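**Student:** Any chance you could fold what I've pasted below:
(chains A, B, C and D)
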2 protein chains.
Amino acid sequence: MSQTAVHQCTHAALPLALAGVSDPCSHCESRSISLCSSLDEQGLAALSRITAAVPYAAKTDFVSEGEPATYLFNVTSGTVKLYRLLADGRRQIVGFLSAGDFIGIAVNDRYLYSAETVTPVTVCRFAKSKFKTVLEDYPALEKRLFLMAKNELAAAQDQILLLGRKTARERIASFLVMMDKRGAQPKGAALHAVHLPMSRSDIADYLGLTIETVSRTFTQFRNDGLIRLEGISGVTLLDPDGLAELAEGL
Amino acid sequence: MSQTAVHQCTHAALPLALAGVSDPCSHCESRSISLCSSLDEQGLAALSRITAAVPYAAKTDFVSEGEPATYLFNVTSGTVKLYRLLADGRRQIVGFLSAGDFIGIAVNDRYLYSAETVTPVTVCRFAKSKFKTVLEDYPALEKRLFLMAKNELAAAQDQILLLGRKTARERIASFLVMMDKRGAQPKGAALHAVHLPMSRSDIADYLGLTIETVSRTFTQFRNDGLIRLEGISGVTLLDPDGLAELAEGL
DNA sequence: CAAAGACATTGCGCTGGATCAATTTGCCAC
DNA sequence: GTGGCAAATTGATCCAGCGCAATGTCTTTG
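**Tutor:** Below is the predicted model of the structure:
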């Protein structure tokens, strides 16, 4: 199953790889926010040489929990969800990734989670074996990976607090505030229009709730004047501060 | 408040520091399982020079979430709990630590969580500023820290799955299996006697449940013949495999 | 060894969120 | 447009785990 996924990657990669783009990295839009920001021109070129830019369609599984971590990925556009499953199919989404985020922190050389695209996505893919040789020459890269792992750990602990001790309202409020920060408008632009690329089911599986509770809580927030729902994937936070307080349990 | 805690550390450290133990590290019992295992004799000596072995009584708070991370700690004996609080006092324990575990992975140089001893504990304490200089000379140390962060991340994601999607029975089963593995007898010794140094309240706050549900589930497991309760902090797993299956949702 | 306090267990009623079941809405393909 | 499907919303009921209160057990201390 995951083999299939890997094969898909390979095929999908060919068109771009053969297109002969000499150095896709140097004009990469997510360069400044990804792990590449820790590299100088020379390092970037080294990484560029082992990189394949791969596009995936929406809803494509491309990493499977427990499989050998042969590839590492850097998301350059789109949204990805990471999830783990219980034997009977219960699903827990452990994170949503977007441009600049990294996939591939492994234990015992095996992926910790499965990954599936939410929207169409492009990733930079490295073979782990080759990546390791680049790592040796550029210790700043490893420092950067460590930093990313620490941030991921901090996010995981926020999530643990949320799942262990917050109510449904507090969870949804936390989620909206998080998504708002993520897509942050430059300054404190008073317009908190948030885009939610993922389905209600994904939100539910991320927050440890059911689809119905997510939906009901959204309408509750709407009736409370906290948000405005714009179509299916748009939300405007009418009272960001109130939501932030709710999120902290105040 | 946390300042007080830091001051307590300092005072508590004095007796040992002044005792003139020349090199406590070389005969340290947790040396082989802690981050020290990544150091040679010379590195160990360097670390030893900046180390203070500090004993804490049970129920001592010694790290506070959000405070500047001035010290790093290495647990050498006893059990520590790490936790985060919500504004109204709701508490979520994010992990239990024992000998060999490390405290101090920080983001923006601030602790991610508070730490309190469960039992009497001894830690090795380093000033972060000094630790950094040792880190520069011994890159293996940083690799080891990275490895520990990755393991912590894997544990955090197990916890996320547990809190988001497991029932009370499954959570308690997971907890018992985890504690059994942790205090693992050498071989597959059929005697699964597990010691639980923490209170029911700590277990509840770790598993996202209430004290009552923890207690009720223990008695349920006893009635189901899955465990035997020996006093207040002893449990024998009568059916470790059955519990492991329950933990996975089978 | 008795008294007191802290912690654990048990009983019982309640409720937040789950579950089951219709609608309703939005999105394409034609 | 319109027919058809997937996703979201809404309604009605249920129940796992919570909250409170009473009781029981262990530990500490004088």
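**Student:** switch to C-alpha atoms for all contacts and neighbour counts from now on
**Tutor:** Fine.
**Student:** Can you report phi and psi for A:Gly164?
**Tutor:** phi -80, psi -30 (degrees, to the nearest 10).
**Student:** Can you tell me how far the nearest residue to it once chain neighbours are set aside is from B:Asp241?
**Tutor:** Of all residues not flanking A:Gly164 in the chain, B:Gly208 sits nearest, at 4.2 Å (CA to CA, 6 or more residues apart in numbering or on different chains). To B:Asp241, B:Gly208 is 24 Å away according to CA to CA, to the nearest Å.
**Student:** Of the two, which one has the most company?
**Tutor:** The neighbour comparison of B:Gly208 against B:Asp241 (other CA atoms under 10 Å in any protein chain shown) goes to B:Gly208, with 25 against 12.
**Student:** Surely that one is in contact with A:Thr167?
**Tutor:** No. Judged on CA atoms under 8 Å, B:Gly208 makes no contact with A:Thr167 at a distance of 11.6 Å.
**Student:** number of nearby residues for A:Leu85?
**Tutor:** Other residues near A:Leu85 come to 16 when the count uses other CA under 10 Å.
**Student:** Would you confirm that it contacts A:Val94?
**Tutor:** No. The criterion here is CA under 8 Å, and A:Leu85 misses it with A:Val94 at 10.4 Å.
**Student:** what sits against the residue most central in space within chain A?
**Tutor:** What sits nearest the mean C-alpha location of chain A, by CA atoms, centre = their mean, is A:Leu97, with 0.6 Å. Taking CA atoms under 8 Å, 6 or more residues apart in numbering or on different chains, we find A:Leu97 in contact with A:75, A:79-82.
**Student:** now swap in A:Asp101 and tell me
**Tutor:** A:34, A:74-76.
**Student:** same thing with A:Phe131?
**Tutor:** With CA under 8 Å, 6+ apart, A:Phe131 has these contacts: A:47, A:50.
**Student:** Next one, pLDDT for it please.
**Tutor:** In this prediction, A:Phe131 carries a pLDDT score of 93.
**Student:** secondary structure class for it?
**Tutor:** Look at A:Phe131: counting by DSSP: H, G, I helix; E, B strand; the rest coil, its state is helix.
**Student:** Can you give me the distance of it to DNA strand D?
**Tutor:** A:Phe131 sits 36 Å away from DNA strand D, going by CA to the nearest atom of the strand, to the nearest Å.
**Student:** Going through the contacts of A:Asp101, which ones are buried?
**Tutor:** A:34, A:74-76 (16 or more other CA atoms under 10 Å in any protein chain shown).
**Student:** hang on, the earlier thing: could you dump the contacts of A:Asp101 to TSV with pLDDT, distance to A:Val134 and secondary structure?
**Tutor:** Putting the contacts of A:Asp101 into TSV (pLDDT from 0 to 100; distance: CA to CA, whole Å; DSSP: H, G, I helix; E, B strand; the rest coil) gives the following:
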residue	pLDDT	distance to A:Val134	secondary structure
A:Ser34	90	16	coil
A:Asn74	96	15	strand
A:Val75	96	19	strand
A:Thr76	94	20	strand
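**Student:** what's the next secondary structure element after the lowest-mean-pLDDT helix or strand in chain A?
**Tutor:** Within chain A, confidence by mean pLDDT, DSSP states H and E is lowest for helix A:2-18 among all helices and strands, at a mean of 42. The helix or strand immediately downstream of helix A:2-18 is helix A:41-49, counting by DSSP states H and E.
**Student:** How far does that following helix sit from its chain's centre?
**Tutor:** Relative to its chain's centre, helix A:41-49 lies at 24 Å (CA atoms, centre = their mean, to the nearest Å).
**Student:** Around chain B, pick out the residues from chain A.
**Tutor:** Applying CA under 8 Å from any CA of the partner chain, we find that chain A lies next to chain B at A:84, A:86-88, A:90-92, A:94, A:105-107, A:112, A:146, A:149-154, A:156-157, A:159-161, A:163-165, A:205-209, A:248-250.
**Student:** Could you tell me which of these are located in strands?
**Tutor:** Using DSSP state E, the members of those that fall in strands are A:84, A:91-92, A:94, A:106-107.
**Student:** Dump these into TSV; add pLDDT and distance to B:Thr217 as well.
**Tutor:** Below are these laid out as TSV (pLDDT from 0 to 100; distance: CA to CA, whole Å):
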residue	pLDDT	distance to B:Thr217
A:Arg84	97	25
A:Arg91	98	24
A:Gln92	98	23
A:Val94	98	27
A:Ala106	91	34
A:Val107	92	32
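**Student:** Mind picking the two most distant members of the residues you listed?
**Tutor:** The span of those, defined through CA to CA, is set by A:Arg91 and A:Val107 at 20.7 Å.
**Student:** Who has more neighbours out of these two?
**Tutor:** Per other CA under 10 Å, whichever of A:Arg91 and A:Val107 has more neighbours is A:Arg91, with 19 against 16.
**Student:** Quickly list what that one is bridged to.
**Tutor:** Using DSSP bridges, the beta-bridge partners of A:Arg91 come out as A:Leu85.
**Student:** Nearest spatial neighbour of A:Pro68, chain-adjacent residues omitted?
**Tutor:** Excluding the flanking residues, the one nearest A:Pro68 by CA to CA, 6+ apart is A:Arg110, at 4.4 Å.
**Student:** Provide a list of residues in contact with the nearest residue to A:Ala193 once chain neighbours are set aside.
**Tutor:** In space, A:Ala193 comes closest to A:Thr236 once its chain neighbours are excluded; the distance is 4.3 Å by CA to CA, 6+ apart. Counting by CA under 8 Å, 6+ apart, A:Thr236 touches A:191-194, A:227-230.
**Student:** Okay, now the sheet partners of the host helix or strand of A:Thr236, with direction.
**Tutor:** Using DSSP H and E, A:Thr236 sits in strand A:234-237. Paired neighbours of strand A:234-237 in the sheet (DSSP bridges): strand A:193-195 (antiparallel), strand A:227-230 (antiparallel).
**Student:** for it, which positions count as buried?
**Tutor:** For strand A:234-237, the neighbour count (16+ other CA under 10 Å) marks A:235-237 as buried.
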